[in-house]
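Novice: Whatever this is, show me its structure:
(one chain, ligands or ions: 2)
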Amino acid sequence: MKLSLVISTADASFDALAFKGDLEKGMKMAKEIGYDAVEIAVRDPKVVDASKMNILKDEMRMEISAIGTGQAYLAEKLSLISEDEKLRLNAVERLKEHVDLSSKIGGLIIIGLIRGFAGERDKKKVKEMFAEGVREVAKYAEKLGVKLVIEPLNRYESDYLNTADETAKVIKKIAMDNVGLLLDTFHMNIEEPVMEESIVKHGDLLLHFHVADSNRWAPGYGHIDFNSIFETLFRIGYDGFVSVECLPLPGGAEISAREAHEFLSKLIKR
Ligand code: LER
Ligand code: MN
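Specialist: Ligands and ions are numbered 1, 2, ... in the order given. Below is the predicted model:
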């Protein structure tokens, strides 16, 4: 298991990001703290200079664990299940651009907030629409050797795919080898009856893992039992990244990233 920190480009509107701003600065800080990788939240892949990122990666010996796409929803309303066809098609096109970026610098593509909201619509139709959009992106990604991960989100952030069970069903319906599951302790703490059981049940699909405590502070500052979570991850043989996606609490971005690293390093070294 390796540790990663979520950082973002300057225009991010999502709060659970350690370093909003300069990717280079965020990467340097993550490296200095001891992280193996960064996960980058990118609204528009066109603003990321891939060759510069590759130079930085090589210089710092850092990896890109994943590319977050939710900013495109938060800032531009691009959504895979939007009723507005233009927004839906643009979400697919934008995700293909994220895939292009990943093919150059690495990283799993996260389908989190960019799915949007289902509202009162027929759930079956929404599922078809979502599966169709993801499959189109996944087919494009397959040719470039890129993988996608779908993340269940708590009910306050989306009304579609809140639990690991629902998400696993959709992943199976999509039936593409390059589409897997991302579980996030913050969302699981709200939606899963027993987090450890969900991790075991869907371990075969699990490609990426987000951590924050119950209050979305750095792990160790809430009431999630991370000892038990990590025991479970070890038990299922999880060998992907554990990526810190917490609020800049306590103490601001740098302190929370340090605290998280110190806390998690002990757990993964056991
Ligand atoms: C949003 O709460 C979240 O957890 C992100 O990973 C979604 O893209
Ligand atoms: Mn997350």
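Novice: From now on I want contacts and neighbour counts done on CA atoms only, so please keep to that.
Specialist: OK.
Novice: could you pull out the strands for this protein?
Specialist: 2-8, 19-20, 37-41, 63-68, 108-111, 148-150, 179-184, 206-211, 241-244 (DSSP state E).
Novice: pLDDT of the first one, averaged?
Specialist: Along strand 2-8, the predicted local confidence has a mean pLDDT of 95.
Novice: Run through the neighbouring helices and strands of that strand.
Specialist: Based on contacts counted as 3 or more Cα pairs under 8 Å, 6 or more residues apart in numbering; DSSP states H and E, the elements that strand 2-8 packs against are strand 19-20, helix 23-33, strand 37-41, strand 241-244, helix 253-269.
Novice: Quick one: closest of those to Gly220.
Specialist: Set against Gly220 and scored by Cα to Cα, these come closest in helix 253-269, at 6.8 Å.
Novice: contacts for that closest one?
Specialist: Contact with helix 253-269 is made by 1, 3, 5, 17-19, 29-30, 33-35, 217-220, 227, 230, 244, 247-250, as judged by Cα atoms under 8 Å, 6 or more residues apart in numbering.
Novice: same deal with stretch 159-173?
Specialist: The contact list for stretch 159-173 (Cα under 8 Å, 6+ apart) reads 115-119, 127, 131, 150-155, 179-181, 183, 187-188, 191-192, 198, 202, 205.
Novice: same check, this time on stretch 25-33
Specialist: For stretch 25-33, contacts defined as Cα under 8 Å, 6+ apart pick out 5, 7-8, 19-20, 36-38, 60, 62, 254, 257-258, 261.
Novice: That stretch: which residues count as buried?
Specialist: Across stretch 25-33, burial judged by 16 or more other Cα atoms under 10 Å covers Gly26, Met27, Lys28, Met29, Ala30, Lys31, Ile33.
Novice: hey, C-alpha coordinates of that stretch in CSV?
Specialist: Extracted in CSV, the C-alpha atoms of stretch 25-33 (Å, rounded to 0.1, in the frame of the first residue of the first chain):
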residue,chain,number,x,y,z
LYS,A,25,3.9,23.5,-4.9
GLY,A,26,1.5,20.8,-3.8
MET,A,27,3.6,18.0,-5.2
LYS,A,28,6.8,19.4,-3.5
MET,A,29,5.0,19.6,-0.2
ALA,A,30,3.6,16.1,-0.5
LYS,A,31,7.0,14.8,-1.4
GLU,A,32,8.7,16.6,1.5
ILE,A,33,6.1,15.1,3.9
